[in-house]
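Undergrad: fold the following for me, if possible:
(one chain, ligands or ions: 1)
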Amino acid sequence: YVWPNPQLDELEAIRFDQVGFNLLSTQLSTFVTPCTLFVFDTVAGGTTSGRSDAADWIRTVGFYLRRNLQRLIFWQAYHDMATYNSTDQTGGLDASIRFAEEQARAENVGNGFANTANVVFAPVDRYVSMADSIALAAIIAIENCGGPEIAFRGGRLDAGEANAPGVPQPQQSLDSHIAAFARQGFTQTEMIGLVACGHTFGGVQHAFFPTIVPALNDPNDTMDVTHFDSTYVTFDNNIAVEYIAGTTQDPLVAGANDTTNSDKRIFGSDGNQTMASFANSAELFASTCADLYARMLDTVPAGVVLSDVITPLSVKPNIVDLVLDGDTIQLSGAVRLWNMTEDSSRTVIMVWTDHAGSTSTSALTFAGVSSSTGGKYSAAWYWFNPTNPFGVLSLDAIAGVTSMSFVVDGTVEDQGGVGFALQDAFMMSQTSCSSGAPLTGRIDVAVRNGVNPTRVYLESITRDSVQRVVVTEIDLTPPTNPVVVNSAYVLWSMNLTDQSMEFNLGAEIDGVKYSTTRVLSFLEFPECSD
Ligand code: HEM
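TA: I've put the predicted structure just below:
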């Protein structure tokens, strides 16, 4: 895709800027690094859970039971998707698992969904739905724990209510499982694959499945979990290797009660052909899982249109913001060079074009490195401001700015000639301020002469009663005698009283709507001088 695209820019950032320097502080991957990291649950438990050697970050919490977060996230993704009905195309990955009604079902017992929600939903905003967030968390968890890279598409929508039940349970028959997976859009062979791909992580816990897993009385496994394979925090084909070798401890294969041995019935349902092929080839297992995981995450209700697979942009500006300060436009941001590490001899030059077609340049300074996919990829970041990282680049406001490009070691990076478009038609003015008690604010929006926007508005960002992000447009009244800042800009103003309000600026120009990137609150405005 071509930058800027606010939604894809942000999904791409969450997907690929996972660790290290990152202007988006969502960093889901920090919760699954290392893969043995645990998060607390609502069930009382010991401090020496056998489920992981996780760091003790949770010890300060009074009552908890540590669970492996990455598996929970992944399981959550499956349980959210498993309500899908391919006939009427309802259900699927739509974050309906967040509803207490779904969590309370027997099919979702012992899941800790409520506790993972805080982490999984951290990146949610106007461009990132809860369902996209679940998909991203699952992908990041799998990739960072030895799994294959998984194609990610964005654009899932969040359900407004719980879906019909439909998560398969271990005591159900093979026929009902085949039917359940068919309802979710998967063949019998794909069902075998998906269950094996899922059960390379985690295990079954006595507390929730006492008839499947006995109390273990093991000081190193205080949560009484019998794992699906011997490498239960890592993605690998041991689930198949151990099953074919006959050494598996999978409690849904080797459980004492055959009624609940659902993995045994599923894995053996084609004469072990699929499982044998997985046992023979770690590569086949990984590529099959990558495909099935992606399809699982892309199982969405009718009417949801997913984006193309999001791949990293090779050169990407991030959190670009323009603010009018008298006669200058303060431009801030950073640019990411994908698949690069720090190199002190590299030169990165930013070139920007103004309304008259003239260009100016600035040499950028190295800011840091980020990485993703368990360190497989790294990216080098450069601040727009050559001397002050948190400072800005001051551009001449009258000349304005229409686009940027970058020159990296002499090579021009301009998205194949289109450049990186910047819009300076409207932006926040530094004169915006707050005063009084209780605090009230005044937002001044600088509007460029000659642009003639049909509307200028605040995009207030709130949540509805079921936690979905809602953007409400609040129009600024066009001023009859606008305050003139300079020969290029006038101010449109609005008084604000709601301290909790978070907003972007928006404008409609020639029938097209534009939004600024940075979320504002008047609490951060300087004190009014008058
Ligand atoms: C017939 C289909 C399936 C059945 C009957 C089944 C059953 C179960 C059961 C009983 C547990 C133990 C839960 C607990 O102790 O809290 C479990 C765990 C798990 N399942 Fe499945 N499962 C099925 C398919 C899948 C699929 C398709 C995936 C993902 C692709 C998946 C991923 C997981 C994961 C990651 C865990 C571990 C959770 C943890 O350790 O916290 N399962 N499954």
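
Undergrad: count of neighbours near residue 332?
TA: Counted with other Cβ atoms under 10 Å, the neighbours of residue 332 add up to 18. In this view, the C-beta of every residue, glycine as well, is placed from N, C-alpha and C.

Undergrad: can you confirm it is in a strand?
TA: Yes. Under DSSP: H, G, I helix; E, B strand; the rest coil, residue 332 falls within a strand.

Undergrad: which residues does it contact?
TA: Counting by Cβ atoms under 8 Å, 6 or more residues apart in numbering, residue 332 touches 319, 320, 321, 323, 384, 385, 391, 392, 393.

Undergrad: in which helix or strand would I find the first one?
TA: Think residue 319. Residue 319 is part of strand 315-325 when elements are defined by DSSP states H and E.

Undergrad: thinking again about what came up before, pLDDT-wise, what's the bottom of the contacts of residue 332?
TA: The member of these with the lowest pLDDT is residue 391, and it reads 62.

Undergrad: what are the C-alpha coordinates of the helix or strand containing residue 195, in PDB please?
TA: Residue 195 belongs to helix 188-198 when assigned by DSSP H and E. The C-alpha coordinates for helix 188-198 follow below in PDB (Å, rounded to 0.1, in the frame of the first residue of the first chain):
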ATOM      1  CA  GLN A 188     -11.400 -33.100   8.000                       C
ATOM      2  CA  THR A 189      -7.700 -33.000   7.000                       C
ATOM      3  CA  GLU A 190      -7.600 -29.300   7.900                       C
ATOM      4  CA  MET A 191      -9.200 -30.100  11.200                       C
ATOM      5  CA  ILE A 192      -6.400 -32.500  12.100                       C
ATOM      6  CA  GLY A 193      -3.900 -29.900  11.100                       C
ATOM      7  CA  LEU A 194      -5.600 -27.100  13.100                       C
ATOM      8  CA  VAL A 195      -5.900 -29.100  16.200                       C
ATOM      9  CA  ALA A 196      -2.300 -30.200  16.000                       C
ATOM     10  CA  CYS A 197      -1.100 -26.700  15.200                       C
ATOM     11  CA  GLY A 198      -3.100 -25.400  18.300                       C
END
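
Undergrad: and that helix, what does it pack onto?
TA: Contacts defined by 3 or more Cβ pairs under 8 Å, 6 or more residues apart in numbering; DSSP states H and E place helix 188-198 against helix 69-81, helix 174-183, helix 262-267, helix 273-280, helix 282-297.

Undergrad: pipe these into JSON lines and attach mean neighbour count and mean pLDDT per row.
TA: Listed next are the helices and strands packed on helix 188-198 as JSON lines, based on neighbours: other Cβ atoms under 10 Å; pLDDT from 0 to 100:
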{"stretch": "helix 69-81", "mean neighbour count": "26", "mean pLDDT": "66"}
{"stretch": "helix 174-183", "mean neighbour count": "16", "mean pLDDT": "94"}
{"stretch": "helix 262-267", "mean neighbour count": "23", "mean pLDDT": "98"}
{"stretch": "helix 273-280", "mean neighbour count": "20", "mean pLDDT": "98"}
{"stretch": "helix 282-297", "mean neighbour count": "20", "mean pLDDT": "96"}
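
Undergrad: mind putting these in a markdown table, distance to residue 402 included?
TA: Shown next, in a markdown table, are those (distance: least, Cβ to Cβ, whole Å):
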| stretch | distance to residue 402 |
| --- | --- |
| helix 69-81 | 42 |
| helix 174-183 | 52 |
| helix 262-267 | 58 |
| helix 273-280 | 54 |
| helix 282-297 | 38 |
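
Undergrad: Serialize those to CSV and add fields for distance to the ligand.
TA: Converted to CSV, the helices and strands packed on helix 188-198 look like this (distance: least, Cβ to the nearest ligand atom, whole Å):
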stretch, distance to the ligand
helix 69-81, 4
helix 174-183, 5
helix 262-267, 4
helix 273-280, 14
helix 282-297, 6
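
Undergrad: low-scoring stretches of the stretch 251-400 of the chain, by residue?
TA: For the stretch 251-400 of the chain, the stretches flagged by pLDDT under 70 are 386-391.

Undergrad: against the ligand, how distant is residue 173?
TA: The gap separating residue 173 from the ligand is 10 Å, by Cβ to the nearest ligand atom, to the nearest Å.

Undergrad: returning to that earlier point: who does the strand holding residue 319 pair up with?
TA: strand 328-338 (antiparallel), strand 426-429 (parallel) (DSSP bridges).
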